[in-house]
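> Kindly generate the corresponding structure for this input.
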Amino acid sequence: MTVDRRGLLTGGLTLGGAGLTALAGARAAGSQAVDGPATADMRRAITSAEAGLIPDAAEDQTKRLQAAIDIAAERRVALVMAPGRYRAAGLKLKPQTRLIGDGGTATLALSSNGPLLLAEAADRLHLHHIALDGGMLENDGVAGALVVLKGCRNVSISHLDLKAAAGHGIALEACSGRIHLSRISVVGDAAIFALDSKGLEITDNTISDCGNNGIQVWRSADGEDASIVSRNRIEQIAARSGGSGENGNGINVFRAGSVLVEGNRIADCAYSAVRGNAASNIQILANSCQRIGEVALYAEFGFQGALIAGNLVDTAAAGISVTNFNVGGRLAVVQGNLIRNLKRREHEPVDKRGEGIAVEADASVTGNTVENAPTAGIVIGWGRYMRNVVVTGNLVRDARVGIAITSASDAGACFVTGNMISGATDGAIRAMDEGRLHGPDLAREPVATSGRVVVERNMAV
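Residues are numbered from 1 along each chain as shown. I've put the predicted structure just below:
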């Protein structure tokens, strides 16, 4: 049996208790479950008009909206919002909630401090074609987010237009599902913050003007995460809370293992385009990164396993860095990347960069092209922190030094062969002591090789 929409309409258009009474009375009517996508048959939906909601009303409509959400969720039907603006706060989403904007022009506007939407252990949530406006109101709620979801499975969020959140835009904890085809802009912290995910996809979104990060995929302790972050457009990411790299990133992966970051377009970030911190088995593939303030693509601290391949970096302080062997960071493939137009940050007292690719331990660097690197095209090791590095088949053009190799006597082994270096102004291949160059150009004046370092069959032009 379907919802008696005529009865709901009769009572629902009357403001005050009558509208809510009509909705409550419909609980006993019964309804077929809507098991299809969010664009389900609207004849089995409840509309905002039937719920007594008035578009563009000046007063807060939280109570009516909450009642409508509860009844629609209980009946497993959609609540369809007519175009207009609805002021509310602290709306609690139940399992099976389907909140849909009719024509994509319905806006829920935060009316007081706290989350606008909140759900806990509410599976199969659907939010589609809705705009959310936080009004930059300070938020004392969970994670300081406009939308807070905890322990929710099979979440589906699409065509959401979220803006003006003082904290995070969307904060998820222990959730699974998908956020896609949405626009998130002007947020004080991160657009999307995902903690301890259970199988999450963040795809095809447009994210801009964030105070600290674009997308954060974190875990409270090291572990498998397997989130997919793909085909997003991310730009204008600041680092307003400061720090040395925890903020200012397009995509920030922390402690989360087996995360795929693929095909994203990332620009104008204060620190990194993609930053993996203690993120084992991370894959950073085919991303396009422009105008990045520090290292564009980063695998750092206690990770094991990083595949960084097929990316394009144009204008950054450094292209790719795979580092922190001193705390266990190791095992990487850096392959087929195009890195150009690096820059030195002369205003920094120490960390000036200007490097194309830097690796330390158990790493293969093959088939990359680096152009315009004012410090070095490829840097192998740092002090004694170098082990088992292969650098082969790369092209370095117009760098101060093509390839720099740590000369510490207690460093591990590396093999440098079959590379082409063109236009290096201070040597094609040089030894270094923590960045200080010394000795001959090993590409032009070969020296006796040792069991630790082998340099052969490279071309300098």
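> Run me through the strand neighbours of the helix or strand harbouring residue 254, direction for each.
Element membership of residue 254, judged by DSSP states H and E, is strand 249-257. With DSSP bridges as the test, strand 249-257 is paired with strand 213-224 (parallel), strand 274-277 (parallel).
> can you give me the offset of that strand from its chain's centre?
Distance of strand 249-257 from the chain centroid (CA atoms, centre = their mean, to the nearest Å) equals 7 Å.
> Could you give me the buried positions within that strand?
Under the neighbour-count criterion of 16 or more other CB atoms under 10 Å, strand 249-257 has 249, 250, 251, 252, 253, 254, 255, 256, 257 buried. (Each C-beta comes from the backbone N, C-alpha and C, glycine too.)
> from what I can see residue 369 touches residue 338, true?
Yes - shown here, residue 369 and residue 338 form a contact pair, counting by CB atoms under 8 Å, at 5.1 Å.
> Give me the secondary structure label for residue 66.
helix (DSSP: H, G, I helix; E, B strand; the rest coil).
> just checking, it touches residue 92?
Yes - with contact defined as CB under 8 Å, residue 66 counts as touching residue 92 (6.8 Å).
> Please say which of those two ends up with more neighbours.
Relative neighbour count places residue 66 above the other of residue 66 and residue 92, with 18 against 15, counting by other CB atoms under 10 Å.
> so what's the nearest residue to the more buried one once chain neighbours are set aside up against?
The shortest distance from residue 66 to any residue other than its chain neighbours is 5.8 Å, reached at residue 91 (CB to CB, 6 or more residues apart in numbering). Listed by CB atoms under 8 Å, 6 or more residues apart in numbering, the contact partners of residue 91 are 62, 65, 66, 69, 108, 116, 117, 118.
> Which ones among those lie within strands?
Residues of those located in strands (DSSP state E): 108, 117, 118.
> The one helix or strand residue 186 maps to pairs with which strands?
Assessed by DSSP H and E, residue 186 sits inside strand 183-187. Applying DSSP bridges to the sheet, strand 183-187 is found paired with strand 161-165 (parallel), strand 206-210 (parallel).
> can you list contacts of that strand?
By CB under 8 Å, 6+ apart, the list of residues contacting strand 183-187 reads 134, 136, 146, 160-170, 191-192, 205-211.
> same deal with stretch 378-391?
If you take CB under 8 Å, 6+ apart as the criterion, stretch 378-391 is touched by 323, 325-326, 330, 355-366, 368, 370, 394, 396, 402-406, 408, 410-417, 419, 432-435.
> Pull out the buried residues from that stretch.
Buried residues in stretch 378-391, counted by 16+ other CB under 10 Å: 378, 379, 380, 381, 382, 383, 385, 386, 387, 389, 390, 391.
> phi, psi of residue 153?
Note on residue 153: backbone dihedrals following degrees, to the nearest 10 are phi -100, psi 150.
> Check the buried residues of strand 249-257 and tell me the two furthest apart.
Farthest-apart pair in those is 250 and 257; separation 19.9 Å (CB to CB).
> helices or strands up against the helix or strand hosting residue 396?
Residue 396 is part of strand 395-406, with elements assigned from DSSP H and E. The contact analysis (3 or more CB pairs under 8 Å, 6 or more residues apart in numbering; DSSP states H and E) places strand 395-406 against strand 369-380, strand 414-417, strand 420-422, strand 429-433.
> Could you list the low-pLDDT ranges of the chain?
In the predicted model of the chain, residues 1-43, 139-143, 446-450 satisfy pLDDT under 70.
> Which stretches in it count as helices?
Secondary structure of the chain, counting by DSSP state H: helices at 5-12, 17-25, 62-75.
> The strand holding residue 396 pairs with which strands?
Neighbouring strands of strand 395-406 in its sheet, by DSSP bridges, are strand 369-380 (parallel), strand 420-422 (parallel), strand 429-433 (parallel).
> contacting residues around the shortest one?
The reference is to strand 420-422. Under CB under 8 Å, 6+ apart, the answer for strand 420-422 is 377, 394-399, 402-403, 428-429, 443, 458-461.
> Run a quick neighbour tally on the closest residue to residue 235 other than its chain neighbours.
In this structure, residue 235 finds its nearest non-sequential neighbour in residue 267, 4.5 Å apart by CB to CB, 6+ apart. Neighbour count of residue 267, defined by other CB under 10 Å: 19.
> Kindly provide the distance from residue 267 to residue 351.
According to CB to CB, to the nearest Å, residue 267 and residue 351 sit 22 Å apart.
> what do you get for residue 214?
Relative to residue 351, and taking CB to CB, residue 214 is found at 23 Å.
> The two - which one has more neighbours?
Taking other CB under 10 Å, residue 214 and residue 351 do not tie; residue 214 has more neighbours (33 against 11).
> Please report how far the more buried one lies from residue 303.
Residue 214 is 20 Å from residue 303, by CB to CB.
> returning to that earlier point: quick check: bridge partners of the residue nearest to residue 235?
residue 235, residue 290.
> follow-up on the earlier one: so which of the ones in strands among the contacts of residue 91 is the most crowded?
With neighbours taken as other CB under 10 Å, the top of the ones in strands among the contacts of residue 91 is residue 108, carrying 27 neighbours.
> Please report how far that residue lies from residue 162.
Separation of residue 108 from residue 162 (CB to CB): 10 Å.
> Between those two, which contacts overlap?
131, 132.
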